[in-house]
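Structure of the sequence below:
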Amino acid sequence: MAKVLSEQVFPYLALGLAKYAEQEQKYPYPPELLYAQHHLSLAMLDSYPITITAFFELCKKPLAEWWPSSTLPLDIDKRFELLTPDGDVSQYTIDYLTVYKLPPGAKIENIQTILDNKLMLHILSMAKQAYLYDPVGAHLDYAAVRQYVITTPWTTTEKLRREFRHLRHINIDDVGNLYQDCRSVDAALLYRRPGMQESCYWNCRFCGPLYVRKDRLGSIKPSACEQRCLAMQDWEQRDVWNNTRVLKRGIHLQTLIPGIAELELYRWLTDEVLPAQPALRVIRWPGIDCYDLQLIFLNEVWAVDVKDYKDPFALGKHVSQDSRDFEPSDLKWHKWFYVYPRYRELQRPDYQACALRAAGQLPPNVAILSEEQFKMRVLTR
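Numbers count the residues shown, from 1 in each chain. Presented below is the predicted three-dimensional model:
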């Protein structure tokens, strides 16, 4: 039973909860969820919740409080929850589904967040193909699209056409598919503060468009916002236009939010470091996103990959599986740094230690650093 719970039940529970959270109707329950519940009820006996509502409440608690002892996969952190307090699938669960190897029967292809992210992967694929015969042009196109998505979560079809009319290697319709008509998700976007006459859209400068859950306004990814913004002080109203488009959920989660940390680090390098080190060159997404930043010094090259995982064990798992070998000479590197945002250590002081433990033995020229540690490496080089 312990092996089944570890290798089958936990992955199917994570998958079933992710599918259920996206369903518009409560019934039927995803088969993956039913499978996991059946086996958990056999393992937990009298401690298993009587109702489905009570079971979902259990999933909002840290795994350490309820999961049968010694039956979690080895790399899973018991301190995390599978569902948020509002009943949405947690970012930890999404990270788990995208990073860890799942059983053969567990299919994540029809989860909307994953489907959305495939739209960006398609653009990445098109740019990589063009890079083979026009590396400069392909890189310019990809960097323009990537930066726009990170900095412009709200747009219109007209603005997209003006912004990308000169694209040569990426189809403008593919860029448009990253967004959706706001009217299709107005119920989740429109919010009226007490005292306001009309509802409007809201945006946070740290995490983008804000969403309404149970009559409360908040971030699409609270773990990435709660330590960086001062709630409503950093929230701004946006007018409601009939032709407004907003990033799809998966693009928001997988491209915009991690991209904010990437651009913040890039701007620090260009605004504060380059004036003092004019010989340094900083390239974003070299080789069409082989890694996030390339720092070219006079005598060595640094590869920088900015990673924003709530779970440090998921980060370490990614690092242990990551491929850092690239054939083109312009992608060669001497040192590789995985850099996570500073606020992750505010949420969890042992973040780095956990990530390193999960990553295992790393080569001496590969490191996992906090944003502050990396900046100090640059300044003291």
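
Domain map for the protein?
Using automatic domain parsing, the domain parsing of the chain gives 2-108, 253-379.

weakest of the ones you listed in terms of mean pLDDT?
Between the domains of the chain, the one with the least mean pLDDT is domain 2-108; it has a mean of 82.

can you pull the contacts of the closest residue in space to Ala64 that isn't next to it in sequence?
Counting by Cβ to Cβ, 6 or more residues apart in numbering, Lys78 is the residue found nearest to Ala64 once chain neighbours are left out, at 3.7 Å. C-beta: built from backbone N, CA, C; applies to glycine. By Cβ atoms under 8 Å, 6 or more residues apart in numbering, the residues touching Lys78 are 62-64, 67, 72.

Top of the residues you listed by number of neighbours, please.
Most neighbours among the contacts of Lys78, by other Cβ atoms under 10 Å: Trp67, with 23 neighbours.

biggest helix in the chain, by residue count?
Ordering each helix of the chain by length in residues (DSSP state H) puts helix 112-131 first.

Find the residue closest to the residue sitting nearest the centre point of the chain in space, skipping its chain neighbours.
Per Cα atoms, centre = their mean, the C-alpha nearest to the average position across the chain is that of Gln254, at 3.6 Å. In space, not counting the residues next to it along the chain, Gln254 is nearest to Asn117; the distance is 4.6 Å by Cβ to Cβ, 6+ apart.

Is Thr71 in contact with Ala43, as I believe?
Yes. Contact criterion Cβ atoms under 8 Å: Thr71 and Ala43 qualify, at 7.1 Å.

OK, contacts around the spatially closest residue to Ala36 that is not a sequence neighbour?
Using Cβ to Cβ, 6+ apart and skipping the chain neighbours, the partner closest in space to Ala36 is Leu13 (3.6 Å). Going by Cβ under 8 Å, 6+ apart, Leu13 touches 32-33, 36-37, 40, 59, 82.

helix or strand for Leu13, which one?
Taking DSSP states H and E as the definition, Leu13 sits inside helix 10-22.

one step back: could you give the average pLDDT over the helix or strand just after the longest helix of the chain?
Note on helix 112-131: by DSSP H and E, the next helix or strand toward the C-terminus is helix 135-151. Across helix 135-151, pLDDT averages out at 97.

What of stretch 208-219?
Mean predicted confidence for stretch 208-219 is 84.

tally of neighbours for Thr380?
6.

oh sorry, the question was meant for Lys118
Around Lys118 there are 11 residues (other Cβ under 10 Å).

Do a quick rundown of the helices in the stretch 51-200 of the chain.
Under the criterion DSSP state H, counting those that start in this stretch, the stretch 51-200 of the chain contains helices at 52-59, 91-99, 112-131, 135-151, 157-163, 172-176, 186-189.

Among the ones you listed, which comes closest to Lys26?
With Cβ to Cβ as the criterion, Lys26 lies closest to helix 52-59 of the helices of the stretch 51-200 of the chain, at 9.0 Å.

to the chain's geometric centre, what's the distance from that closest one?
In this view, helix 52-59 has its centroid 26 Å away from the chain centroid, taken as Cα atoms, centre = their mean, to the nearest Å.

what do you get for stretch 331-343?
17 Å.

residues of it that come out buried?
Buried residues in stretch 331-343, defined by neighbour count with 16 or more other Cβ atoms under 10 Å: 331, 333, 335-343.

Ok, stretch 127-134 next?
So for stretch 127-134, counting by 16+ other Cβ under 10 Å, buried means 127-128, 130-131.

so which two of those are the farthest from each other?
The span of the buried residues of stretch 127-134, defined through Cβ to Cβ, is set by Lys128 and Ala130 at 7.4 Å.

Identify the contacts common to those two.
Both Lys128 and Ala130 are in contact with Ala138, where contact means Cβ under 8 Å, 6+ apart.

Run a quick neighbour tally on Phe80.
Other residues within reach of Phe80, judged by other Cβ under 10 Å, total 20.
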